[in-house]
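Enquirer: Sharing a model prediction with you, sequence too.
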Amino acid sequence: MNRKDVKIVQISLDLQSQREVESNKSLSKLGYKYIRIVNPLQKDYPPTHNVIDGRVDWVVGITKPDPDEWGLTSGHYGAWNGHINAILCSMVDSDYTLICECDCLLHVDEQFFKDRVDEAISVMEKFDYKIVRFESPNSKTEYSDKLSENIHSGDLIIMAHCYLINPKHRDWWLDRIDNVGWHTPDLWLNFAFERANERMGIFRHLDLTKQAAGVSAVDDTFRPERLTGTEGIK
């Protein structure tokens, strides 16, 4: 039986795209309350007044002149803004909220996933954690304490397509939104927690979610179905 205090807030861009259709179909199997927010494609030059650490030099423009060049673009700002809107939307009630990107797919059966949601909530209630990450960890993640059978305390994840928000920390999240400048969503989450000297709950040995194949709106590049951002397909 589903908990009544869990909802999904999904960030959407193109409701008709194949990957969004697949994602919605996959997430709907969970039976949780569901909110979908449409985040319009960012077409203007990205703002520089609130980029993280005032690093205006990291902003390269609406798109990258060279696809292999590192830098922040309008697509990155739009993705960050979508996550911020989803986090704010999560605060409409006292539910635990799964923030999901438009291409998020379950990588396990729905009952196993729901059991992991229950495990994550137990960790939040016992250790007062503000977030539990459902994306696959990667080689750059470093761990400390074991919090439950599957969840460890960790410092970062490269990707941000599914994470659980603790509703008890509304003011903390508002502070992070106001005081940590924009970046890519995954690195913004990492910076937000690191600079507050906070740890994240991470499913260390489980691959629970993945990203559907499709063209990324961030950099207009086709990406295959994948589990992590640093190790490719597993």
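Expert: That came in fine, so what should we check first? Numbers count the residues shown, from 1 in each chain.
Enquirer: Secondary structure class of residue 81, three-state.
Expert: For residue 81, the reduced secondary structure class is helix; criterion used: DSSP: H, G, I helix; E, B strand; the rest coil.
Enquirer: I figured it hits residue 41, correct?
Expert: No. Using C-beta atoms under 8 Å, residue 81 is not in contact with residue 41, being 10.9 Å away. C-beta here means a position set from N, CA and C on the backbone, and glycine is covered the same way.
Enquirer: And these two? Which one has more around it.
Expert: Under the neighbour definition other C-beta atoms under 10 Å, residue 81 and residue 41 were set side by side, and residue 81 has more, 18 against 10.
Enquirer: separation between the spatially closest residue to that one that is not a sequence neighbour and residue 77?
Expert: Closest residue to residue 81 apart from its sequence neighbours, by C-beta to C-beta, 6 or more residues apart in numbering: residue 39 at 6.6 Å. Going from residue 39 to residue 77 by C-beta to C-beta, to the nearest Å gives 11 Å.
Enquirer: how about the helices in this protein?
Expert: The residue ranges that make up the helices of the chain, judged by DSSP state H, are 18-28, 74-90, 110-127, 170-179, 185-194.
Enquirer: Select, out of those helices, the one closest to residue 149.
Expert: Taking C-beta to C-beta as the criterion, helix 110-127 is the member of the helices of the chain that comes nearest to residue 149, at 7.0 Å.
Enquirer: can I have the closest one written out in CSV, keeping just the CAs?
Expert: C-alpha atoms of helix 110-127 as CSV (Å, rounded to 0.1, in the frame of the first residue of the first chain):
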residue,chain,number,x,y,z
GLU,A,110,8.0,-0.5,-8.6
GLN,A,111,7.6,-2.4,-5.3
PHE,A,112,11.3,-2.6,-4.8
PHE,A,113,11.6,1.1,-5.5
LYS,A,114,8.7,2.0,-3.1
ASP,A,115,10.5,-0.1,-0.4
ARG,A,116,13.6,2.1,-1.0
VAL,A,117,11.5,5.2,-0.6
ASP,A,118,10.3,3.9,2.7
GLU,A,119,13.9,3.2,3.7
ALA,A,120,14.9,6.7,2.7
ILE,A,121,12.1,8.3,4.8
SER,A,122,13.2,6.2,7.8
VAL,A,123,16.7,7.6,7.4
MET,A,124,15.4,11.1,7.1
GLU,A,125,13.3,10.7,10.3
LYS,A,126,16.1,9.0,12.3
PHE,A,127,19.1,11.1,11.2
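Enquirer: Good, we can wrap up now.
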